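Q: Just need the structure, nothing else, for what follows:
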Amino acid sequence: MSANPAVMLPRFDVARVRAEFPILSRTINGKPLVYLDSAASSQRPWPVLRAIEHYETALHANVHRGVHSLSQWATEAYEGSRETVRRFINARSTREIVFVRGTTEAINLVANSWGRGALKPGDEVLISHLEHHANIVPWQMICAATGAKLRAAPLTAAGELDLEAFTWLLNARTRLVALAHVSNALGTVLPVQEIVRLAHAQGIPVLLDGAQAVPHALVDVQALDCDFYAFSAHKVYGPTGIGVLYGRESLLAAMPPWQGGGDMILSVSIEASTYNDLPWKFEAGTPNISGAIGLGAALEYVEALGREAIAAHEHALLNLASARLATLPGLRLIGTAPEKAAVISFTLEGIHPHDIGTILDSEGIAIRTGHHCAMPLMQYYGLAATARASFGCYSNTHDVERLVQGLHKVLEVFG
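A: Next up, the predicted model:
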């Protein structure tokens, strides 16, 4: 990344973008809001809010099977969002797009449906020390239930995956590789295409946690050649409580349903049931219809802005912020991989991250502090927590300057 504090931003109409996010016009503690917590949850633009409002006020009905007009219109909107997702990540078919509550549920679905049938005592699931808890705990649970073993590849000092060690850990007992595409705590971009190639050379399927990748980069699941890909709407300017599991159709077709109930069946008797086709056999019960419609609107919004333009804008902000923060006394950047998304984790010598976050909040600046649901990663660095600033399409250079000013105040308070 660049260390030039005078780095120029690419041509990107961030003022117009910011005007489309109503929450950015409010004040916090009497100061204009600076929102630097997009990695935890991004804000929503008017097109997403209006799409949800339109469904709730003009279309609401339960989807599938209804013969009345509202049900048919709601179904068209819901399934239309599935096609938007398919196009956005370039899946082969909507049969490969399963709506879930979020990345966490997507990974749990694979662990419980695929894992219970595929894993046995002595088998191994390979992750890394970079993972979010959502890509650790489900594998711990299914390994405990099946007798399999969870193994984790180490990192380099810069916070990158140690690819040599990862390759050594791949072996005849490895049944699945499950890795983040982008680290939520550090922003490190993993070499996922090389990882998939190495795993597939040994016949090992790969699951990618894409929660932090989809908002920042072009994701093409066919080009990646991964077997499963998971992401959440609320990281990519959509609503909470909705997300996506992409699965290779041949794998999903062989997997049993994870949950039972309505909409995932074709027929039910007291003695037995037959299950619905893909993807609905994994979508038991009334779905989050407005959430799916909001997700579709969010992805269309991102497409309209241009994913390459968003990525270039955020990368320039990342370079600027990294250079500006590096000038602060006692500040340590945590995770300095050359390939990063727009996430910066840092510490200030002698000052707890929670104190940093509290003082910044008094200035109207929202960052995230804590272990970021990545405790093994914090342990690797010998830290209890970090402060994390993360950018979105609406972030601008003024946000960076306000962050630097706020951190100067932190230093003044603590002498």
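
Q: Centroid-nearest residue for this structure?
A: Ala211 (1.1 Å; Cα atoms, centre = their mean).

Q: Just give the nearest non-adjacent residue to that residue, would you?
A: Thr103 (4.3 Å; Cβ to Cβ, 6 or more residues apart in numbering). The C-beta positions use only the backbone N, C-alpha and C, and glycine is treated the same way.

Q: Surely the residue nearest to the centre of the chain touches Ser183?
A: No - using Cβ atoms under 8 Å, Ala211 is not in contact with Ser183, being 10.4 Å away.

Q: so how far is Glu20 from the residue nearest to Ala211?
A: Separation of Thr103 from Glu20 (Cβ to Cβ, to the nearest Å): 25 Å.

Q: Of the two, which one has the most company?
A: More neighbours surround Thr103 than the other of Thr103 and Glu20, with 28 against 19 (other Cβ atoms under 10 Å).

Q: show me what contacts the more buried one?
A: By Cβ atoms under 8 Å, 6 or more residues apart in numbering, the contact list for Thr103 reads 132, 134, 209-211, 230-232, 243.

Q: taking the residues you listed one by one, which sit in strands?
A: In this view, the contacts of Thr103 that belong to strands under DSSP state E are 209, 230-232, 243.

Q: Which of those are buried, as a PyMOL select command?
A: A single PyMOL command selects the buried members of the ones in strands among the contacts of Thr103 (16 or more other Cβ atoms under 10 Å):
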select buried, resi 209+230+231+232+243
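
Q: Take the ones in strands among the contacts of Thr103 and lay them out in a markdown table including pLDDT.
A: Below are those laid out as a markdown table (pLDDT from 0 to 100):
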| residue | pLDDT |
| --- | --- |
| Asp209 | 98 |
| Ala230 | 98 |
| Phe231 | 98 |
| Ser232 | 98 |
| Gly243 | 98 |
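
Q: which residues touch Leu252?
A: 95-96, 98, 278-279, 282.

Q: Which strand or helix spans it?
A: helix 249-254 (DSSP states H and E).

Q: Quick one: mean pLDDT for that helix?
A: For helix 249-254, the mean per-residue pLDDT is 97.

Q: in that helix, what's buried?
A: 251-252.

Q: Can I get that helix in CSV, CA atoms only?
A: Output of helix 249-254 as CSV, limited to C-alpha atoms (Å, rounded to 0.1, in the frame of the first residue of the first chain):
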residue,chain,number,x,y,z
GLU,A,249,-25.2,-27.4,-7.4
SER,A,250,-23.8,-31.0,-7.4
LEU,A,251,-22.9,-30.6,-3.7
LEU,A,252,-26.2,-28.9,-2.6
ALA,A,253,-28.2,-31.6,-4.4
ALA,A,254,-26.5,-34.3,-2.4
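
Q: which element follows it toward the C-terminus?
A: strand 265-268.

Q: Give me the helices and strands touching that following strand, please.
A: On a contact count with 3 or more Cβ pairs under 8 Å, 6 or more residues apart in numbering; DSSP states H and E, strand 265-268 meets strand 273-275.

Q: Name the surrounding residues that touch the next helix or strand after the strand it packs on.
A: Counting by DSSP H and E, the next helix or strand C-terminal to strand 273-275 is helix 289-305. Here helix 289-305 makes contact (Cβ under 8 Å, 6+ apart) with 17, 44-45, 47-48, 50-52, 55-56, 60, 62-63, 74, 77-78, 80-82, 84-85, 88, 99, 215, 233, 236-244, 310, 393.

Q: If we ignore the residues flanking it in sequence, what's nearest Gln140?
A: Leu150 (5.8 Å).

Q: Pairing partners for the host helix or strand of the one you found, with directions?
A: Using DSSP H and E, Leu150 falls within strand 149-153. The strands that strand 149-153 pairs with in its sheet are strand 124-128 (parallel) (by DSSP bridges).

Q: Can you name the next helix or strand after the strand it pairs with?
A: helix 137-146.

Q: Show me what counts as buried in that following helix.
A: 137-139, 142-143, 146.

Q: From the residues you listed, pick the one nearest His408.
A: Val137 (38.7 Å; Cβ to Cβ).

Q: mind listing what the closest one touches?
A: Val137 neighbours (Cβ under 8 Å, 6+ apart): none.

Q: what's around Ala389, how many residues?
A: Ala389: 28 neighbours (other Cβ under 10 Å).

Q: Name the nearest residue to it, ignoring sequence neighbours.
A: Leu36 is the one closest to Ala389 (Cβ to Cβ, 6+ apart), at 4.2 Å.

Q: wait, Glu363 sits on Lys31?
A: Yes - counting by Cβ under 8 Å, Lys31 is a contact partner of Glu363 at 5.5 Å.

Q: Have a look at those two and say which one is more surrounded.
A: Taking neighbours as other Cβ under 10 Å, Glu363 and Lys31 compare with Glu363 leading, 20 against 14.

Q: how about the closest residue to the more buried one other than its chain neighbours, secondary structure?
A: Take Glu363 and drop its neighbours on the chain: the residue closest to it by Cβ to Cβ, 6+ apart is Gly406, 4.6 Å away. At Gly406 the chain is in helix, as set by DSSP: H, G, I helix; E, B strand; the rest coil.

Q: Pull up the gap between His232 and His313, please.
A: Let me fix one detail, which is that residue 232 is Ser and not His. 22 Å.

Q: ok, back up a step: and the contacts of helix 289-305, which are buried?
A: Here, 16+ other Cβ under 10 Å leaves 17, 44-45, 47-48, 51-52, 55, 62-63, 74, 77-78, 81-82, 84-85, 88, 99, 215, 233, 236-244, 310, 393 buried among the contacts of helix 289-305.

Q: list the contacts for the residue nearest to Glu363?
A: 34, 359-360, 363, 365.

Q: So of those residues, which two are at opposite extremes in space?
A: Most distant of those, by Cβ to Cβ, are Val34 and Ile359, 13.2 Å apart.

Q: Report the rounded mean pLDDT for the strand holding Leu150.
A: 98.

Q: All good on my end, thank you.
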